[in-house]
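>>> Provided below for reference: sequence and predicted model.
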Amino acid sequence: MKVIIYEKNTENFYPLTNLFPQFNLRIGMKSIAENIKYYCTKLKIDYICRDVFRFKEINPKGPAIYISGQCIITEKFDFPKEEVKFLIGSKPAGFIKYKPPFPKNLKEIDKVLKSIKKTKKLPGFILNNVWDLIKYNEPMLIHHFKMKKGKSKTHKGICIIGNKKNVYVAKNAVIHNLVCIDVSDGPVYIDKGAVIRPFTTIIGPSYIGRDTIVERAKIIKSSIGPVCRMGGEVEACIFQGYSNKYHEGFIGHSFIGEWVNLGALTTNSDIKNNYGSVKVLYGKKRIDSGVIKLGCFIGDHTKIGIGTLIPTGAVISSFVNFFGGGMMPGFISSFKWLTAEKQEDYKLEKAITTAKIVMKRRNIKMSKQYEDLIRMNYKWRNLL
């Protein structure tokens, strides 16, 4: 028996799925795939995703469990002895297949989902849209904290408000004096190699990822991925990883992709003046999120200059360079170089050269496959 995690409805997670698969998106303290793996211990994990990612083609020869990348499992479950379609609520979340043919791509998976009539409920919930990642992040932070293993590093010289058992500090993380951690509403997990510098406040539930540096910041109920640089105020956000918000300014109820840089005093709105539900702009189409507090979604390798204001529910795609300050548009497609008054295409070779420099600063060399993926995204830049 093996587990195959597959992408589903990736267009609902634009622009965060431009440069990596849906199941790698972060929620709580883990990626979607890591969360699924936790409940499928001792089973081999394979993946099926869009062809552009060039994952090794799989050819299952025996029983397999297929689980959607929209699926967040929250409890252990028994594997049925017969072929069934998994449901979370009334929505399909995957299936188990015992007899060939075993689907090898996304189209074949869709056919099997339609053909299996018998169903079994899975414990958890479905991520329907990109803003569901923000909606469910806080409970998933609490859920994942309960999975932690090992003993926390001793906390000395810091202020802890609430039960100290709800603070976990990895052994090689560093927390300076004059740091306040408030776990009144939920736990705080500080991962290995992280550095929390003086005059920082972290309010739980929050996760500070591997090798992330937090400098004089206020982090409220957020997930900060690996190798980020954080400052200013961050509330109810997810930072996928390798991104910088190192200066003053506010980012709230937002998802920030990889290799993003937010300039000093960059601030977003996460609530409308009339307290109505936020409408998210995709191209010329506005989608009502049904959520009152919702910020922005920023794709990979986007750079935002100092003094920028980001409107409520903004969608800013990959390889966007905004400079000159002022209010950004509510939607910007990929590979744009712009100010508040004018814009032009971001030249592909210039974008790749800059991305290589940025990644090298974090000791990561851009692979040929990743460069090819960027070039493919450039061809699709104006489709939305």
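It's in.
>>> Which residues does K245 form beta bridges with?
M230 (DSSP bridges).
>>> Please verify my assumption that it contacts T266.
Yes. Under the criterion of CB atoms under 8 Å, K245 is in contact with T266, at a separation of 7.4 Å. Using the backbone N, CA and C atoms, a C-beta is placed for each residue, glycine as well.
>>> Those two: which is more packed in?
K245 (27 against 24; other CB atoms under 10 Å).
>>> And the pLDDT at E57?
We have a pLDDT of 85 for E57.
>>> quick one on the thing from earlier: which residues are common contacts for K245 and T266?
Residues touching both K245 and T266 (CB atoms under 8 Å, 6 or more residues apart in numbering): I251.
>>> And for the residue nearest to L19 when sequence neighbours are not counted, the neighbour number?
In this structure, L19 finds its nearest non-sequential neighbour in D300, 4.7 Å apart by CB to CB, 6 or more residues apart in numbering. Residues near D300, counting by other CB under 10 Å, number 24.
>>> contacting residues for D300?
Contacts of D300 (CB under 8 Å, 6+ apart): 18-20, 240, 257-260, 318-319.
>>> let's go with 10 Å and repeat that
Counting by CB atoms under 10 Å, 6 or more residues apart in numbering, D300 touches 15-16, 18-20, 240, 242-243, 256-260, 317-319, 334, 355, 374, 377.
>>> can you list the weak-confidence ranges in the stretch 151-300 of the chain?
Along the stretch 151-300 of the chain, no part satisfies pLDDT under 70.
>>> close enough to count as contact, R197 and I175?
Yes. If you go by CB atoms under 10 Å, R197 and I175 touch, sitting 8.8 Å apart.
>>> More neighbours: which of those two?
The residue with more neighbours, out of R197 and I175, is I175; 24 against 18, by other CB under 10 Å.
>>> Is it correct that that one is in contact with G157?
Yes. Contact criterion CB under 10 Å: I175 and G157 qualify, at 7.9 Å.
>>> anything in contact with each of the two?
By CB under 10 Å, 6+ apart, the residues touching both I175 and G157 are P198.
>>> Could you check which helix or strand contains the residue nearest to V280 when sequence neighbours are not counted?
Leaving aside its sequence neighbours, V280 sits nearest to G313 (CB to CB, 6+ apart; 4.5 Å). With elements delineated by DSSP states H and E, G313 resides in a region that no helix or strand encompasses.
>>> Distance-wise, check G313 relative to N172.
Look at G313 and N172: by CB to CB, to the nearest Å, they are 39 Å apart.
>>> Which of these two has more residues huddled nearby?
Neighbour comparison, G313 and N172: the larger count goes to G313, with 28 against 12 (by other CB under 10 Å).
>>> and the more buried one, what is it in contact with?
131, 253-254, 268-270, 272, 277-281, 286-289, 291, 294-297, 330-331.
>>> same deal with P329?
Counted by CB under 10 Å, 6+ apart, P329 has contacts 281, 310-311, 314-316, 322, 336, 338, 340, 343.
>>> how close does it sit to I310?
10 Å.
>>> which residues are in contact with both of the two?
316, 322.
>>> Who's the closest spatial neighbour of I219, skipping the chain neighbours?
I202 (4.7 Å).
>>> Next: N163.
V183 (6.2 Å).
>>> Run through the residues that contact that neighbour.
145, 160-167, 202-206.
>>> swap in D270?
Applying CB under 10 Å, 6+ apart, the residues near D270 are 134, 235-237, 250-254, 278, 291-296, 310, 312-313.
>>> next one: G241
By CB under 10 Å, 6+ apart, the neighbours of G241 are 24, 26, 31, 209-212, 223-228, 256-260, 362.
>>> circling back to that earlier point, the contacts of D300 in strands, which ones?
Judged by DSSP state E, the contacts of D300 include 240, 256-258 as members of strands.
>>> mind putting those residues in JSON lines, distance to K151 and neighbour count included?
Compiled in JSON lines, the ones in strands among the contacts of D300 are given as follows (distance: CB to CB, whole Å; neighbours: other CB atoms under 10 Å):
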{"residue": "Q240", "distance to K151": "29", "neighbour count": "26"}
{"residue": "I256", "distance to K151": "32", "neighbour count": "28"}
{"residue": "G257", "distance to K151": "34", "neighbour count": "29"}
{"residue": "E258", "distance to K151": "31", "neighbour count": "24"}
